[in-house]
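Colleague: sequence and predicted structure are below.
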Amino acid sequence: MSGILGVWNSQKPTPWQKMLDDLQVLGRDGQGDWCDRNINLSLGRTQFYNTPESCHEAPVIEYKGCVLVWDGRLDDRETLLSDRSQNQNITDAHLIIESYRHWGIDCLRYLTGEFVFILWDASQDLLLVGCDVVGGRTIAYYWNGQTLLLSSRVVTLLLHPQVSHQFDELYLAHTLCNLQAHPPGITPFADIKRLQPGFALILKSGELQQRQIAKFTVSDRYESLQSPQFYHEKFWYLLNQAVKDRLRTHRPVCTTLSGGLDSTTVTVSLLNHLPTVDAFSTMTEVFPEFDERQPIESFLQRYPQVKSHQVNSDRAWSLTEPWERLPITDDPLITCTLPMNLDLMEQIQKQGFGIVFDGEGGDGLFYTSLQDLARVNSWGQILQNLKGEKRWYSSLWRELAVPNLPQYWQEKWFARCQRKSNLLPPWITSAYAQKPQTQAALQQYFASSLSSDLMQVINWATTSGCAVGATQVYKLLQSAYQLQYTSPLQDKRLIEFALNLHPSQQNHPVHGKIFLRQANQTTLPSAFLPLDPAIEVTIGEEVTFKLQRPCFGDWVWQVKNHNLQPPRSTFFAVPRTLKTIKKAIFDYQPQINEQGKAALYVLSHCDGSLSVEELSHYIAKDYPELFPTSKQAINFVQRLTSQFS
């Protein structure tokens, strides 16, 4: 990610260069700034080249009467480019400014992707600060009624003499008491806030407004139910589109791979676009709760085109983080798995990758609650869910009754719960527990613990001060290793698909993420799919078992008695061809293809006499169909040299 900085109407001397240099950890590919002393405005950026077009951008973009600094990536560029006859070298920055010129402040509603920007329009005497609705990017700001300071990092703003270092007491209460229900926009420092997803800061004629511009598009009512296959196909179409947009990258791509549904689903989608994928996984012998080798091996057996990199994390104990080599984070929010994640980042960087796919966001996307089911009158499914619980009445009260009580009675219920069980950890003194900010934090915790529908879950994941703060910590640490992580499951189009999906498609009395499991019936090994319950039969009942065994491709079977069971499949989701079967035979006599010849040339000339640029020049000249652009040739050479030189 790039770092952006803005200062308007500073009342004290600004340590500008020091503040801009503090953002270099976020972007080291370029740096520049712009200043207009007549309006007392300065803008700056440290660049991270994440797309091919970003290499053509100046750090500060001046275009169509606007000045822009920004961070991120725009998706669905085809829609924004549809009215243009010439699309060559149109950068995302140009598209942001053109969108602003076309729609004004409302442009945030029409932009898709991960982005945050500061835009100055001199003709309107207007400074616009906006970010995407998903929260893929955000910005910290300070406003005292006269001075506006903006920065990608919270701690950078502390370098300015006008900003107090006083902590936010409510933030501290949530953090020290481990309540993790920080309200939206909050930071550890009382003077500094964060811009919420889909919101804009609008500075005009010295007056600052904060306004929500973009929201998720949700229909007033669910569409009539179609077959599950219809929704599965639509999901894969949107996921493949999200992956395709994120593959518009300037840097080599890899993915993280765990034993869960989310990262494996993303990896399958990557294989729909790439012939091979490098996947990095954490491996450990001493932390069995994090050992997911068995399902990972099952996945790798099905997809041999995935090149596995297992990173041993046996020494990744808590508090072993190399903080002496890492930047100061904006938030003191870390997890016990951080040392493992840092080991993974280090190995990914050493292998020469720059863009890392992962499956973040899947837990919130594929979720439903009793509230969602009640809203569509799916009482049969509610009863089925409650039947499996011993204290069903407790779940009914907590998930359906309490969230709909008047606030007065909810507070009574919270007070009763607090008397019944003390939620505060043992290091919290009774005096601190009685402080107003601690009591306010407890109220916010109880309010956040109420059963939520899918929209509330997604809103919490994208706006909660705790979730946003933790995300910013990891983004900063990833930048320290010159990496940018991205998750297709956090794509705006996929989130809106999930929000408009009928709750009955997301519900199962036993298995979570049932929609994702069913959408993967023909793509993932059985280790990732729900086990069918035992079939109960009676004497004389007819049971049929149907098995399809094509010569090439999936074996599919289905069981039927009085109920038709969902189909199950095994082997490869992508049908095997005669060509791929021949290659698996031991006496197969391979012949090198054009890509192999290019690789052979590169490796045979890695004797220290030629540079990466020179090697890429030769293969681009000899194999123009493989490498139509010099950048593709350079990426190919870099991938080989990172592994074998």
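Modeller: The structure has been received and is ready for your questions.

Colleague: switch to C-alpha atoms for all contacts and neighbour counts from now on
Modeller: Will do.

Colleague: where does the chain have low pLDDT?
Modeller: 85-88, 527, 529-534, 549-557, 563-581, 584 (pLDDT under 70).

Colleague: just want the most central residue of it.
Modeller: The centroid of the chain falls nearest to Ser487 when counting by C-alpha atoms, centre = their mean (3.7 Å).

Colleague: how close does Gly136 sit to Gly259?
Modeller: Using C-alpha to C-alpha, to the nearest Å, Gly136 is found at 25 Å from Gly259.

Colleague: please say which of the two ends up with more neighbours.
Modeller: Set Gly136 next to Gly259 and count neighbours by other C-alpha atoms under 10 Å: Gly136 wins out with 23 against 20.

Colleague: in what helix or strand does the more buried one lie?
Modeller: Per DSSP states H and E: Gly136 is located in neither a helix nor a strand.

Colleague: how about the contacts made by it?
Modeller: Gly113, Glu114, Phe115 (C-alpha atoms under 8 Å, 6 or more residues apart in numbering).

Colleague: Tyr222: which of those residues is nearest?
Modeller: Gly113 (25.3 Å; C-alpha to C-alpha).

Colleague: so who does the nearest residue to the residue nearest to the centre of the chain once chain neighbours are set aside touch?
Modeller: Distances taken as C-alpha to C-alpha, 6 or more residues apart in numbering place Asp358 nearest to Ser487, at 5.1 Å, with adjacent residues excluded. Residues in contact with Asp358 (C-alpha under 8 Å, 6+ apart) are Thr255, Thr256, Leu257, Asp262, Ser263, Val266, Tyr485, Thr486, Ser487, Pro488.

Colleague: quick check: phi and psi on the third one?
Modeller: What that stands for is Leu257. phi -140, psi 120 (degrees, to the nearest 10).

Colleague: ditto for the second one
Modeller: Here is the backbone geometry of Thr256 (degrees, to the nearest 10): phi -90, psi 150.

Colleague: tell me how many other residues crowd the residue lying closest to it once chain neighbours are set aside.
Modeller: Distances taken as C-alpha to C-alpha, 6+ apart place Phe280 nearest to Thr256, at 4.7 Å, with adjacent residues excluded. Phe280 has 21 neighbours, counted by other C-alpha under 10 Å.

Colleague: repeat that for Asn507.
Modeller: 23.

Colleague: quick one, longest helix in the chain?
Modeller: helix 228-246 (DSSP state H).

Colleague: buried sites along that helix?
Modeller: Using 16 or more other C-alpha atoms under 10 Å as the burial criterion, the residues of helix 228-246 that qualify are Tyr231, Phe235, Trp236, Leu238, Leu239, Asn240, Gln241, Ala242, Val243, Lys244, Asp245, Arg246.

Colleague: please apply the same query to stretch 129-146.
Modeller: Using 16+ other C-alpha under 10 Å, the residues of stretch 129-146 that count as buried are 129-143.

Colleague: roughly how far is that stretch from the heart of the chain?
Modeller: Chain-centre distance of stretch 129-146: 18 Å, with C-alpha atoms, centre = their mean, to the nearest Å.

Colleague: quote the end-to-end distance of that stretch.
Modeller: End residues of stretch 129-146 are separated by 17 Å (C-alpha to C-alpha).

Colleague: then stretch 542-559?
Modeller: 11 Å.

Colleague: quick one on the thing from earlier: which ones are touching the residue nearest to the centre of the chain?
Modeller: Contacts of Ser487 (C-alpha under 8 Å, 6+ apart): Phe357, Asp358, Gly359, Glu360, Gly361.

Colleague: quick check: the last one vs Ile495, distance?
Modeller: Counting by C-alpha to C-alpha, the separation of Gly361 from Ile495 is 9 Å.

Colleague: who touches both of the two?
Modeller: With C-alpha under 8 Å, 6+ apart as the test, Gly361 and Ile495 both reach Leu489.

Colleague: neighbour count winner among the two?
Modeller: Ile495 (24 against 18).

Colleague: these two touch, right, that one and Gly364?
Modeller: No: look at Ile495 against Gly364 with C-alpha atoms under 8 Å: they stay out of range, at 9.3 Å.

Colleague: helix/strand/coil for the residue in the chain sticking out farthest from the centre?
Modeller: Distance from the C-alpha centroid of the chain, by C-alpha atoms, centre = their mean, peaks at Gly540 (52.9 Å). The three-state assignment at Gly540 reads coil, by DSSP: H, G, I helix; E, B strand; the rest coil.
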